[in-house]
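In: Give me coordinates for this.
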Amino acid sequence: MKPVAIPFRPPRLRRSWMFVPGLDAAAQQAGLDSGADALVADLEEFTAPADRPAARRRIVELIALCRARGTVAAVRINTLSGDGLEDLRGVMPGAPDAIFLPHAESAAQIAALDQAVSACEAELGLPAGRTEIVPTLESARGVSRALDILGASPRISACLLAAEDLTADLGAERGPDGIELHALRNRFLVDCTAAGCVAIDCPFNYRDPRALAADLRWARRIGLKSKCAVFAEQVPDIHAVFTPNAAEVRSAQALTLAYEAQQRGEPDAGARIDPPDYNTARRLLARHAEFENWHAAPQAASEPGDPI
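Out: Presented below is the predicted three-dimensional model:
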């Protein structure tokens, strides 16, 4: 019997991006088992330079494992001025869905990566434009140039905001309440929304479940819907916060019906509902519908070489 194919998850519905080392099979398996929407094999920070040649070969195999599970397969390469071109040539035979570029600070960096990816696609017979680019903003310069960076290539589907390198660049003091990055995370969401790409929130680098829950609630409140993770145990919490649950959907449906009844002047329509609550409920229902429609989509998996 032919296995049931899994529809490719679009960028807007990727709630979690789990980063794993490029050569650590156990960590990669834990990342896969976490149920993350996207797995990012890291050749930069989590892979020693001497290990990168072997890691590139391993990542090609990992991409196939991701594809079999319906997990989006991404790779973070090094900068093109470093080992990035070798990384790219090593992993592109696996047809990764997305390439993360660290330390993005200019549109020229993105244009150069776009050109390099295009050359690899042509050489390998992959459809032109199938590989997404995800810049990582890790410095004040990168954040200040976000709109230029995000407009540099039609391949850009999402963008990641860093945490540790960014706060180091700013000289900020880190804490589990995350207040040192609140303003930047707000700005980042505005820039990504204006550019039409998904804002991937910075990772929560503390193993503090209560603080994580508070951070996720804050992120959802301002409109973020996607988050990076470096600890596999955080993925279920990320999904729980960024996916409307059944109780929330029922409550939103009841609220919208009551509000609309009130607008029609119907008697016994209940306590007055304010427009901001009605609009929030409508957005939650629209988000729920996105997930429902994706799950109901024709079961066509993304195979190597398929356009996305």
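In: So, low pLDDT: which residues of the protein?
Out: Across the chain, the ranges flagged by pLDDT under 70 are 1-6, 298-308.
In: quick one: Leu224 and Ile273, what's the gap?
Out: 25 Å (CB to CB, to the nearest Å). In short, each C-beta sits where N, CA and C put it, glycine included.
In: the more surrounded of these two?
Out: A direct count of neighbours by other CB atoms under 10 Å for Leu224 and Ile273 places Leu224 higher, at 23 against 18.
In: Now do the same contact list for that one.
Out: Residues near Leu224 by CB atoms under 8 Å, 6 or more residues apart in numbering: 185, 189, 199, 201.
In: Wait, a strand at it?
Out: No. Counting by DSSP: H, G, I helix; E, B strand; the rest coil, Leu224 is located in no strand; its state is coil.
In: Tell me the buried residues in stretch 47-67?
Out: 47, 51-52, 55-56, 58-60, 62-63, 66-67 (16 or more other CB atoms under 10 Å).
In: just checking, what's the longest helix in the chain?
Out: helix 275-295 (DSSP state H).
In: What segments of the stretch 51-200 of the chain are helices?
Out: All helices of the stretch 51-200 of the chain, identified by DSSP state H, counting those that start in this stretch, fall at 52-69, 84-91, 107-124, 140-144, 146-150, 164-170, 182-195.
In: Return the most buried member of those.
Out: Comparing the helices of the stretch 51-200 of the chain by mean neighbour count (mean count of other CB atoms under 10 Å), helix 84-91 ranks first with a mean of 21.
In: Now do that one: which elements does it pack against?
Out: Where contact means 3 or more CB pairs under 8 Å, 6 or more residues apart in numbering; DSSP states H and E, helix 84-91 is packed against helix 52-69, helix 107-124.
In: how about 6 Å then?
Out: helix 52-69 (3 or more CB pairs under 6 Å, 6 or more residues apart in numbering; DSSP states H and E).
In: just the angle between the helix it packs on and helix 84-91, please?
Out: Angle of helix 52-69 versus helix 84-91, following axes from the mean of the first three to the mean of the last three CA atoms, to 10 degrees, is 50 degrees.
In: Not counting helix 52-69 itself, show me its contacts.
Out: Helix 52-69 has contacts (CB atoms under 6 Å, 6 or more residues apart in numbering) with 22-23, 28, 39, 41, 43, 47, 73, 75, 83, 90-91, 93-94, 96.
In: Please list only the buried members of those.
Out: Using 16+ other CB under 10 Å, the buried ones in the contacts of helix 52-69 are 22-23, 28, 39, 41, 43, 47, 73, 75, 83, 90-91, 93-94, 96.
In: and those residues, which of them are in strands?
Out: In strands, defined here by DSSP state E, the members of the buried ones among the contacts of helix 52-69 are 39, 41, 73, 75.
In: would you turn these into JSON lines with distance to Ser144?
Out: Output for these, formatted as JSON lines (distance: CB to CB, whole Å):
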{"residue": "Leu39", "distance to Ser144": "30"}
{"residue": "Ala41", "distance to Ser144": "29"}
{"residue": "Ala73", "distance to Ser144": "31"}
{"residue": "Val75", "distance to Ser144": "27"}
